[in-house]
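Asks: this is a predicted model, with the sequence first.
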Amino acid sequence: MKMNTTIEWRGIEVKINYDDSSHKSDIAHIAHLEVRADQPLPVTKTGYRSHFTHPENIEAYGGAVSFVIAWLDHHAQKPEWKEAEEQRKQYSLL
């Protein structure tokens, strides 16, 4: 299954591309997930993240969108993300 969608997470537009059919073999079945935004996210400082995992990991969350939201929410609890998020809310004179 291939899926391309856009969500809004904490005011950030996040594009999600998911493909669970491109990496099948007799040994393993690996899905590919891409997350893109025009600014940093808790899982990437550049706004782009490519992630390979077993489709069962995605399905356990009810699909790619729910997986990405849970992934972002989990990493957003880290102090470095909280600090960066607060700094982005502040106006800068520079």
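Replies: On my side now, so go ahead. Just so you know, these numbers come straight off a predicted model, no measurement behind them. Numbering: from 1, shown residues only.

Asks: so for the longest strand seen in the chain, what gets flagged as buried?
Replies: For the chain, the longest strand by residue count, based on DSSP state E, is strand 12-24. Residues Val14, Lys15, Ile16, Tyr18, Asp19, Asp20 are the ones in strand 12-24 that count as buried (16 or more other CB atoms under 10 Å). The way it works is simple: take the backbone N, C-alpha and C, and place the C-beta from them, glycine included.

Asks: right, and the helix or strand after it?
Replies: Per DSSP states H and E, strand 12-24 leads on to strand 29-36 as the next helix or strand towards the C-terminus.

Asks: which strands or helices does that following strand pack on?
Replies: Judged by 3 or more CB pairs under 8 Å, 6 or more residues apart in numbering; DSSP states H and E, the packing partners of strand 29-36 are strand 12-24, strand 48-53, helix 55-59, helix 64-75.

Asks: can you do 6 Å?
Replies: Applying 3 or more CB pairs under 6 Å, 6 or more residues apart in numbering; DSSP states H and E, one finds that strand 29-36 contacts strand 12-24, strand 48-53.

Asks: now that strand: mean pLDDT?
Replies: In this model, strand 29-36 has a mean pLDDT of 94.

Asks: now do the buried residues in stretch 39-55.
Replies: Those would be Leu41, Pro42, Val43, Thr44, Arg49, His51, Pro55, for stretch 39-55 by 16+ other CB under 10 Å.
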